[in-house]
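Visitor: what's the 3D shape of this:
(chains A and B)
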Amino acid sequence: DVKVTQSSRYLVKRTGEKVFLECVQDMDHENMFWYRQDPGLGLRLIYFSYDVKMKEKGDIPEGYSVSREKKERFSLILESASTNQTSMYLCASIPDLNSGNTIYFGEGSWLTVV
Amino acid sequence: QKEVEQNSGPLSVPEGAIASLNCTYSDRGSQSFFWYRQYSGKSPELIMSIYSNGDKEDGRFTAQLNKASQYVSLLIRDSQPSDSATYLCAVNTQGGSEKLVFGKGTKLTVNP
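Guide: Predicted coordinates for the structure are as follows:
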C-alpha cells in the first residue's frame, strides 16, 4: 500500500512564525501535492511538484512556498504564518496523472495560527 | 479556472435507501474521474474511479459517467449509517500541467 506520511498532525503557531509542514511518500511517486481544506470551500490546491526541484503554483499559492529536494519529500512552508492560514493541510502523491492512477492522501496536518 | 461542481447538501436518506450524488465538470478534456469518501476529521479515501462512459459497479457503489453532458454520479445502494460522510468528486484537468481538481463535497447522512 502507498503510504503518505505527514509528520506533524496538530500544530499551534503564533502569527509571524515560520512553519514547516513535511510530507514523505514511500512509493517513488513523481507527483506530489499540497492542499488545504476549509469548511464550505473544499480542497484547494496550493502547490504541486512533478519532479525533484520542480514546483508549480496551484490555485491559492499566496503566502506559501514549497521545497522538493528529494523525490520522496515535499515540504510546505509558511514564511510568516497568519491567522487566515489556520486550516487542515493535506499532502498527496500520485505516480502519473495520465495513467489513470488515483491520488493518495496523508492523514492531514491541523494548523492553528494564533 | 477548471471547475468541479457538486450539490453541497446535506443529503439525508433513510437506511436501506439509494443515495444519489452528482457532479458536473467544466473541462471537456478530462479523462479520469474519482469519488472519495471523507469522514469527519479524516483524510479522503478513494472509493470509485471511472474513465469511460457508462456505469461501473463495485459492491453497493455504482459510478456513472456521461462525458457528453460532463456529468458523473455516484449511487450508493442499501445505504448504511456507516456511509454517512462527505463525498468528494475529483476530476483530472488538461491543459498546462495536469492536476486533480476537487468539488466542494456533498455531505450525506444515512438515518437508521
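Visitor: switch to C-alpha atoms for all contacts and neighbour counts from now on
Guide: Noted.
Visitor: Can you tell me how far B:Asn22 is from B:Val101?
Guide: 15 Å (Cα to Cα, to the nearest Å).
Visitor: Go through chain B and flag its longest strand.
Guide: Using DSSP state E to define each element, chain B has its longest strand at strand B:85-93.
Visitor: Show me what secondary structure element comes after that strand.
Guide: Using DSSP states H and E, the helix or strand that follows strand B:85-93 towards the C-terminus is strand B:99-102.
Visitor: ok, residues contacting whatever helix or strand comes next after that following strand?
Guide: In the C-terminal direction, the helix or strand that comes right after strand B:99-102 (DSSP H and E) is strand B:106-111. Applying Cα atoms under 8 Å, 6 or more residues apart in numbering or on different chains, the contact partners of strand B:106-111 are B:6-15, B:21, B:79-88.
Visitor: Just the buried residues of these.
Guide: Buried residues within the contacts of strand B:106-111, counting neighbours by 16 or more other Cα atoms under 10 Å in any protein chain shown: B:6, B:8, B:11, B:13, B:15, B:21, B:79-80, B:83-88.
Visitor: Let me know the closest of the residues you listed to A:His29.
Guide: When the buried ones among the contacts of strand B:106-111 are compared for distance to A:His29 (Cα to Cα), B:Leu88 wins out at 22.7 Å.
Visitor: Residues in a beta bridge with the closest one, which ones?
Guide: B:Tyr36 (DSSP bridges).
Visitor: Near chain A, which residues of chain B? Just list them.
Guide: B:32, B:34, B:42-46, B:49, B:51, B:92, B:98-99, B:101-105 (Cα under 8 Å from any Cα of the partner chain).
Visitor: Mean pLDDT per helix and strand in chain A: which one sits at the bottom?
Guide: strand A:104-105 (a mean of 89; mean pLDDT, DSSP states H and E).
Visitor: after that one comes which helix or strand?
Guide: Toward the C-terminus from strand A:104-105 - assigned by DSSP H and E - lies strand A:109-113.
Visitor: picking that back up, buried members of the residues of chain B next to chain A into PyMOL, please.
Guide: Buried residues among the residues of chain B next to chain A (16+ other Cα under 10 Å), as a PyMOL selection:
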select buried, chain B and resi 32+34+43+44+45+46+49+92+99+101+102+103+104+105
